[in-house]
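Trainee: only geometry, no sequence info:
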Ligand code: NAD
Ligand code: MG
């Protein structure tokens, strides 16, 4: 699709919503219930939420309330014009909100997800395209080494280049004790969360030029640990260390590497977690100082900041915390 630079930077999220709704396929307008202009810190959804469970891998369209990802208070400024980005887990949650903000900032995006998530991916594509940008849908399993390489190659082939890699997909299941962590589960968590990051970065770097950026999604569990998430927390710690190592090795090439570490975020990840009960889902995020989980639209602007050369050209090798007032994580 032809791109209109001005359209991307001046996109009005209300128009975006209306344009998306007209297709009648999905209803992203459900995700924009808050009025533009209201302070997000006080007007995002708070627990208790409906008691609910989602079947893995979790379809966002089935989650109540719908996660907020259209960011009506956010003002785009053409920060990512002429850029292309590959975002794993871009169908839903944080990845979807990042895809939408990148498109509003002028970037074309490729998103990866599991084939069962096609419905969510189509909604992301619809909103990205309503910003006048291209959205390439690339379903496939990131635990497959060959697929990680193909994913990068297809993005470069079909979008022409790759400037931003967002390694964001994750596998997560809570367990009561270490006895419940099978070798197979440990392997799946590591293959999805950290092996894929390593493999995608390795495939992407030869295509990247000075000014490019790699951004990984970490978690507060990678800094503080979580007794119910030993395997997942370990992958997030590994993501932080790998990010710092890669930042050091790529700084001379002008490629920056950073991670974002969110606290609890209202996405399908926790409602689909096999060890998370409907009662816990209803209370999700209540124990943070802010008293609620983040919405994806509150997390995504950090990914614009870290991708934008004009905003963060002197920043590489950081883990940026977005934790709702949690200050004990280093
Ligand atoms: P999400 O469920 O919307 O996104 C996770 C995505 O991972 C899924 O959409 C799926 O497409 C992808 N995925 C999982 N296994 C895959 C596989 N084998 N191959 C390809 N894709 C696969 O949830 P989210 O919360 O937006 O998660 C995004 C990131 O945020 C993850 O790295 C997660 O660890 C991190 N995070 C989430 C929270 C939270 O509370 N939701 C908190 C801290 C960090
Ligand atoms: Mg998903």
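Mentor: Yep, that arrived. Only a predicted model underlies this, so the values are computations on that prediction, with no experimental measurement involved. Ligands and ions are numbered 1, 2, ... in the order given.

Trainee: ok, the closest residue to ligand 2 within the stretch 51-200 of the chain - contacts?
Mentor: Of all residues in the stretch 51-200 of the chain, the one sitting closest to ligand 2 is residue 92 (3.2 Å; C-beta to the ion). Every residue, glycine included, has its C-beta placed from N, CA and C. Counting by C-beta atoms under 8 Å, 6 or more residues apart in numbering, residue 92 makes contact with 58, 59, 60, 67, 113, 117, 120, 124, 267, 268.

Trainee: What's the PyMOL line that selects buried ones from those residues?
Mentor: Buried subset of the contacts of residue 92, written as a PyMOL selection, criterion 16 or more other C-beta atoms under 10 Å:
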select buried, resi 58+59+60+67+113+117+120+124+267+268
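
Trainee: still on that earlier bit, how much space is there between the residue of the stretch 51-200 of the chain closest to ligand 2 and residue 41?
Mentor: 24 Å (C-beta to C-beta, to the nearest Å).

Trainee: likewise residue 145?
Mentor: Per C-beta to C-beta, residue 145 is found 42 Å from residue 41.

Trainee: cool, and residue 54?
Mentor: Counting by C-beta to C-beta, the gap from residue 54 to residue 41 is 27 Å.

Trainee: mind checking which helix or strand the nearest residue to residue 291 once chain neighbours are set aside is in?
Mentor: Nearest-residue entry for residue 291: residue 46, 6.4 Å, with adjacent residues in sequence omitted and distances by C-beta to C-beta, 6 or more residues apart in numbering. Under the criterion DSSP states H and E, no helix or strand holds residue 46.

Trainee: Roughly how far does residue 46 sit from ligand 2?
Mentor: 23 Å (C-beta to the ion, to the nearest Å).

Trainee: per-residue confidence at that residue?
Mentor: Each residue has a pLDDT score; the one for residue 46 is 97.

Trainee: Residue 10 now?
Mentor: Looking at residue 10, the pLDDT reads 38.

Trainee: any chance you could map the helices in this protein?
Mentor: All helices of the chain, identified by DSSP state H, fall at 5-10, 13-22, 40-43, 93-104, 118-130, 145-159, 183-190, 196-204, 221-224, 230-250, 278-282, 296-299, 301-307, 309-312.

Trainee: any idea of the mean pLDDT for stretch 213-233?
Mentor: The model assigns stretch 213-233 a mean pLDDT of 98.

Trainee: one step back: surely the residue nearest to residue 291 meets residue 288?
Mentor: No. The pair residue 46 / residue 288 is not scored as a contact, 10.8 Å apart, by C-beta atoms under 8 Å.

Trainee: Neighbour count for these two, which is higher?
Mentor: Using other C-beta atoms under 10 Å as the criterion, residue 46 and residue 288 rank with residue 288 on top: 17 against 13.

Trainee: Backbone dihedrals for the more buried one, both of them.
Mentor: phi -80, psi 160 (degrees, to the nearest 10).

Trainee: nearest spatial neighbour of it, skipping sequence neighbours?
Mentor: Residue 288's closest residue in space is residue 324 (C-beta to C-beta, 6+ apart), at 4.0 Å.

Trainee: residues from the stretch 201-330 of the chain in reach of ligand 1?
Mentor: Counting by C-beta under 6 Å from any ligand atom, the stretch 201-330 of the chain comes close to ligand 1 at 217, 219, 262, 264, 265, 267, 268, 269, 270.

Trainee: Tell me the residues of the stretch 51-200 of the chain that contact ligand 1?
Mentor: Counting by C-beta under 6 Å from any ligand atom, the stretch 51-200 of the chain sits next to ligand 1 at 57-58, 88-89, 91-95, 112-114, 117, 141-143, 168-172, 192.

Trainee: So out of everything in the chain, what residue is nearest ligand 1?
Mentor: Proximity to ligand 1, evaluated over the chain using C-beta to the nearest ligand atom, is greatest for residue 93 at 2.1 Å.

Trainee: what's around the closest residue in space to residue 143 that isn't next to it in sequence, how many residues?
Mentor: Nearest residue to residue 143 in three dimensions, chain neighbours excluded: residue 191, at 4.0 Å (C-beta to C-beta, 6+ apart). Counted with other C-beta under 10 Å, residues neighbouring residue 191 total 19.

Trainee: Do I have it right that residue 191 meets residue 148?
Mentor: No. Using C-beta under 8 Å as the test, residue 191 is too far from residue 148 to be in contact (9.9 Å).
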